[in-house]
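S.K.: Based on what follows, work out the 3D shape:
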Amino acid sequence: MSKLVILGNGFDLAHNIPTSYNHFREYLIDKYPVAYRNRYRIIDIDEIDDIEMISVELMLYAIDHANGDDWSNFENSLSIINFKDKFPRHEHRENPEEDNSSAAEYLMYVMRLTDIFACCIELWGDLLSDWIKEIEKYIENNFYAPLNSIYDLLNGDAKIMTFNYTKTVQILYGKSGIKHIHNRVGQELIFGHSNINCTYEEDCVESLYSNFLDDILRKLYKNTEKQMSKYSDFFKRIDNSVNEVYSYGFSYGASDIPYIKLVVGRIAENAVWYFTKYDSLNKEFIRKTKIRLRKLGFKGRFDIYE
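M.R.: Numbering: from 1, shown residues only. You can find the predicted model right below:
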């Protein structure tokens, strides 16, 4: 018999490590104050001289439009984030007698700006990586202490999968063989939404450039299939010998459900799924998560651990 431990951002936060996306926002504001001041401005191609700064500007704009405090809320918001307010308006586009050359020129401008936005979004992983590197310096220099209760959790035949980018388990608890499902510093960091067919609604943005913005949404898609394939050896070791699953600080966001579905389908039918005592204080979270796990096929029972 063995156990599976699933770690989310709440695991780092329990150690007072500042890894919420609001902490990330504060980091970006401190490092790029100009981007923070410009996060709601309309972007003019002729004024772009620093792609990194535009990347931060767009990231802060996206964070400010997230609904909720968890990373999963931010990721879910990426499937509906509306960047149209960052585009300049075409003052004559509503005029039926508009000059065709003017309309074509504007369309080309939107295409160029969309390409720039796409390049900027590809830099978001670098921004996250730089931030995590700063945090890990403090972890490695003993700014944060391990918790006795975590030693007990990680002891024994424990398979550990973490959705965090930090190496907190390795550094504070000396554990190896940890699977960073969304990779870690030194690798391409994985994040994004789960809606592979997401598009802008017609009432959300003018049809003139909605298709270009759809391309941006698709770039923000999190490819869970690719990650499950990458770590297929780890998931194969999750089998019906796993009779306990411990969830610590994991929010069960929509973009991460494919991993949980895979786990549910492989563990023992009579397994016990444990939540932390802290989780149990949020009755609505527990209720919704239990329903979600049942829909995924979990047949075991639920419990709380200290």
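
S.K.: Just the strands from this structure, written as ranges.
M.R.: 2-7, 158-162, 179-180, 242-248, 272-276, 301-305 (DSSP state E).

S.K.: want to try a markdown table for the ones you listed, with mean pLDDT and mean neighbour count as columns?
M.R.: (Glycine included, C-beta is placed from N, CA and C.) Converted to a markdown table, the strands of the chain look like this (pLDDT from 0 to 100; neighbours: other Cβ atoms under 10 Å):
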| stretch | mean pLDDT | mean neighbour count |
| --- | --- | --- |
| strand 2-7 | 96 | 22 |
| strand 158-162 | 95 | 21 |
| strand 179-180 | 96 | 20 |
| strand 242-248 | 97 | 21 |
| strand 272-276 | 97 | 20 |
| strand 301-305 | 95 | 13 |
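
S.K.: Would you convert the ones you listed into TSV that also reports distance to Ser77?
M.R.: Below are the strands of the chain laid out as TSV (distance: least, Cβ to Cβ, whole Å):
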stretch	distance to Ser77
strand 2-7	23
strand 158-162	23
strand 179-180	23
strand 242-248	23
strand 272-276	25
strand 301-305	29
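
S.K.: Out of those strands, flag the one nearest Lys222.
M.R.: strand 179-180 (14.3 Å; Cβ to Cβ).

S.K.: for the strands of the chain, which one sits closest to Ser232?
M.R.: Here strand 179-180 is closest among these (Cβ to Cβ), at 11.0 Å.

S.K.: Figure out how far that closest one is from the centre of its chain.
M.R.: 15 Å (Cα atoms, centre = their mean, to the nearest Å).

S.K.: Contact partners for Ile54?
M.R.: Residues counted as contacts of Ile54 (Cβ atoms under 8 Å, 6 or more residues apart in numbering) are 35, 43, 48, 116-117, 120.

S.K.: gap between Gly125 and Leu220?
M.R.: 11 Å (Cβ to Cβ, to the nearest Å).

S.K.: Those two: which is more packed in?
M.R.: Leu220 (20 against 16; other Cβ atoms under 10 Å).

S.K.: so how far is Ile304 from that one?
M.R.: From Leu220 over to Ile304 the distance is 35 Å, taken as Cβ to Cβ.

S.K.: And the residue nearest to Glu52 when sequence neighbours are not counted, its phi and psi?
M.R.: Take Glu52 and drop its neighbours on the chain: the residue closest to it by Cβ to Cβ, 6 or more residues apart in numbering is Leu123, 6.4 Å away. Backbone geometry at Leu123, expressed as degrees, to the nearest 10, gives phi -90, psi -10.

S.K.: Can we start the residue count at 50 from this point?
M.R.: Renumbered: residue one is now 50, and that last one reads Leu172.

S.K.: avg pLDDT for stretch 91-107?
M.R.: The average pLDDT within stretch 91-107 is 87.

S.K.: mind showing which ranges of the stretch 50-199 of the chain have poor pLDDT?
M.R.: Residues of the stretch 50-199 of the chain that meet the criterion pLDDT under 70 lie in 117-118, 128-129, 139-150, 152.

S.K.: And the helices in it?
M.R.: All helices of the stretch 50-199 of the chain, identified by DSSP state H, counting those that start in this stretch, fall at 58-63, 70-80, 82-86, 100-113, 120-126, 149-170, 173-189, 197-203.
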